[in-house]
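> below: sequence and its predicted model.
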Amino acid sequence: MRKLIMAVTLWLAAIGAVAQNDDHNFDVAKNLDILNAIYKNLDMMYVDTLNPDEVVGNAINSMLQGLDPYTVYYPEDKQKDLKMMLTGKYAGIGALIRYNYKLGRVCIDEPYENMPAAEVGLRKGDIILSIDGEDMTKKNNDYVSEHLRGESGTTFELKILRPSTKKNMKFKVTRRIIQLPSIPYYGIQANGFGYLNLYSFTEGCGKEVRNAIIEMKKNGMKGLVLDLRGNGGGSEMEAVNVVNCFVPKGQLVVSNRGKVKRMNHDYKTTVEPVDTVMPVVVLVNGSSASASEITSGALQDLDRAVVMGTKTYGKGLVQTMVDLPYNAQMKLTTNKYYIPSGRCIQKVTYRHGNGGSAEAVADSVVEGFHTANGRPVKGGGGIEPEVVVKPDSLPNITYYLAAMRDSDELVHTFEIDYIAKHPTIAPASEFALTDADYEEFKQRVLNSHFKYDAMSAKSLDDLEKLAKFEGYYDDAKAEFDALRKKLKPNLAKDLDFNKESICEILNNDIVAAYYYQRGAVQNTLRTDKQVKAAFDLLADAERYQQLLKPQPKDKAKS
């Protein structure tokens, strides 16, 4: 009798599951029919003629926006952008460009080393006048970029104005496949430790990292700083390949788990490592995401490296490319990834009802996990470093000069003039503007119409509004007025007080014009407090080992 009851129960459960599945399939078919009918009526009767690509494209994008920011539709005309995102490759001249607000034109900002722009002689500051005879006056960055890119092997005429000579110049430039460097710079520093800046996890970067480590080991590297700050991720497999440089063959690095079981996958290391004992410090920050978090999190879970910096972004979702009709594609979130301790570090939970919403995981509900040595680590919300080292904040005046880019283009103009006067400069790792150079820049700013908002004055404005709201302002008005006079921005004083941070921006830009991206990274290492902290930790073997020390079993289970 018991067997009969159990059989009937299982049969009813199966019938219920089928019914639920049928209900879902019916809802899907019903809504697709409705959507199709709506567009047919719009196309047939709407007062204006509609562009089907635009209307349907907007509908698709609106639908996907209610899911998560990583599920994206790429129509046929966006395939080049998709290919560049996935591979880091595009066909063009190999240079960063920027819009000059003072001139109302786009100019060359930074040619890439060994690429067509640099090879034909284009320089930082060259003003783009025309491309194949088409005037580029008042054209924005996107428009100019689209015309600089094209099919690999095609040649075009580029006309520019060189500010240093005031001469118009013509160049014949042949486009070719541009591979953005995944490793802008690596090398052994004076202290004997290696430094490797990994900018993105594009195709083949794991092999590049392996070769760089092998080279530095041959030259006597005692330890390594792997810099993943600002690295937004990329290929999951390349993250496994990078981890494989430091851990044995056959080690589980990351697991993908989702609704479709056949898409679940465990990624393990596949080759012998380069080194399993050399001390490694991984630098991360809030912009280190996805593949960067797999790399840093796996090395942390396996007690193979000390993670330093600030908490990472918290992206634990995996995307799969899905082919669509008419050469379109969709990047679709299909899985969550889990690193060796079993944790998923996805920070945000996406709710799909009522148009979609996002909710960050609260620290109070974050689940605890343990590394191979029993050290406690957290899941959800990104990778937390063993050693927190915050970067220096950017002073407000430096931000306005470098990032806001005033209408006089003071920073850009000074750099172009400096480059014109100096055919060569000191090595990238040594270059710095002199006091006289900075004084010249300071005077240019003082003689201009440069304006900026001091943070202290803005905070005082907020406090004043709050005091008025709470009824305290009238009694404190005299104090507010006196404090406002004392906090009135003093441009000359602020330029002197923030000289160091402003010089860092100027030095870095100028070095890049002579030594490209590798030089810019080298120059930054002179003043980077997080890199210095990483080298200090590598030099303190006892402290390094203590951070990775196995935990007693009773504590590990608590």
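Everything's here; your move.

> for the rest of this, base every contact and every neighbour count on C-alpha atoms.
OK.

> now Ala59: how far from Ile34?
Taking C-alpha to C-alpha, to the nearest Å as the measure, Ala59 and Ile34 are separated by 13 Å.

> repeat that for Met263.
As judged by C-alpha to C-alpha, Met263 and Ile34 stand 31 Å apart.

> now do the SS call for the nearest residue to Leu161 once chain neighbours are set aside.
Excluding the flanking residues, the one nearest Leu161 by C-alpha to C-alpha, 6 or more residues apart in numbering is Asn168, at 4.4 Å. Assigned with DSSP: H, G, I helix; E, B strand; the rest coil, Asn168 falls in the strand class.

> what count of nearby residues applies to Asn168?
By other C-alpha atoms under 10 Å, 14 other residues sit near Asn168.

> okay, and Gly297 sits in which element?
Assigning secondary structure by DSSP states H and E places Gly297 in helix 291-301.

> which other helices and strands contact that helix?
helix 236-244, strand 252-258, strand 306-309 (3 or more C-alpha pairs under 8 Å, 6 or more residues apart in numbering; DSSP states H and E).

> let's see 6 Å
helix 236-244 (3 or more C-alpha pairs under 6 Å, 6 or more residues apart in numbering; DSSP states H and E).

> do I have it right that the residue nearest to Leu161 meets Ser130?
No - counting by C-alpha atoms under 6 Å, Ser130 is not a contact partner of Asn168; they are 10.8 Å apart.

> how about low-confidence regions in the stretch 1-150 of the chain?
By pLDDT under 70, the low-scoring segments of the stretch 1-150 of the chain are 1-20, 88.

> which residue ranges of it form helices?
For the stretch 1-150 of the chain, the helices defined by DSSP state H, counting those that start in this stretch cover 2-45, 52-65, 79-87, 116-120, 141-148.

> pipe those into CSV and attach mean neighbour count per row.
Shown next, in CSV, are the helices of the stretch 1-150 of the chain (neighbours: other C-alpha atoms under 10 Å):
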stretch, mean neighbour count
helix 2-45, 12
helix 52-65, 13
helix 79-87, 14
helix 116-120, 18
helix 141-148, 16
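
> distance to Leu302 added to the ones you listed, as JSON lines?
As requested, the helices of the stretch 1-150 of the chain are exported to JSON lines (distance: least, C-alpha to C-alpha, whole Å):
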{"stretch": "helix 2-45", "distance to Leu302": "41"}
{"stretch": "helix 52-65", "distance to Leu302": "36"}
{"stretch": "helix 79-87", "distance to Leu302": "28"}
{"stretch": "helix 116-120", "distance to Leu302": "43"}
{"stretch": "helix 141-148", "distance to Leu302": "44"}
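
> the helix holding Gly297 versus strand 252-258: what angle between them?
Between helix 291-301 and strand 252-258, the angle comes out at 130 degrees (axes from the mean of the first three to the mean of the last three C-alpha atoms, to 10 degrees).

> could you give the angle of helix 291-301 to helix 236-244?
Orientation check (the same axes, to 10 degrees): helix 291-301 against helix 236-244 gives 30 degrees.

> which element is the residue lying closest to Thr524 once chain neighbours are set aside on?
Leaving aside its sequence neighbours, Thr524 sits nearest to Asn508 (C-alpha to C-alpha, 6+ apart; 6.7 Å). Following DSSP H and E, one finds Asn508 within helix 499-524.

> buried sites along that helix?
499, 501-524 (16 or more other C-alpha atoms under 10 Å).

> how distant is the helix or strand following that helix from the center of its chain?
For helix 499-524, the succeeding helix or strand toward the C-terminus, using DSSP H and E, is helix 529-539. When distances are taken as C-alpha atoms, centre = their mean, to the nearest Å, helix 529-539 is centred 23 Å away from the chain's centroid.

> tell me the centre residue of this structure?
For the chain, the residue nearest the mean C-alpha position is Gly232 (3.8 Å; C-alpha atoms, centre = their mean).

> and that residue, helix, strand or coil?
coil.

> for burial, what's the neighbour tally of Lys477?
Applying other C-alpha under 10 Å, we find 14 residues neighbouring Lys477.

> distance of it from Arg484?
When Lys477 is compared with Arg484 (using C-alpha to C-alpha), they lie 10 Å apart.

> same question for Val260.
Going from Val260 to Arg484 by C-alpha to C-alpha gives 62 Å.

> of the two, which one has the most company?
Neighbour count, other C-alpha under 10 Å: between Val260 and Arg484, Arg484 has more, with 15 against 9.

> just say helix, strand or coil for the more buried one.
Secondary structure of Arg484, reduced to three states by three-state DSSP: helix.

> what do you get for Ile160?
Once three-state DSSP is applied, Ile160 turns out strand.

> what's the nearest residue to it if we skip its chain neighbours?
Excluding its sequence neighbours, the residue lying closest to Ile160 (C-alpha to C-alpha, 6+ apart) is Ile128, at 4.6 Å.
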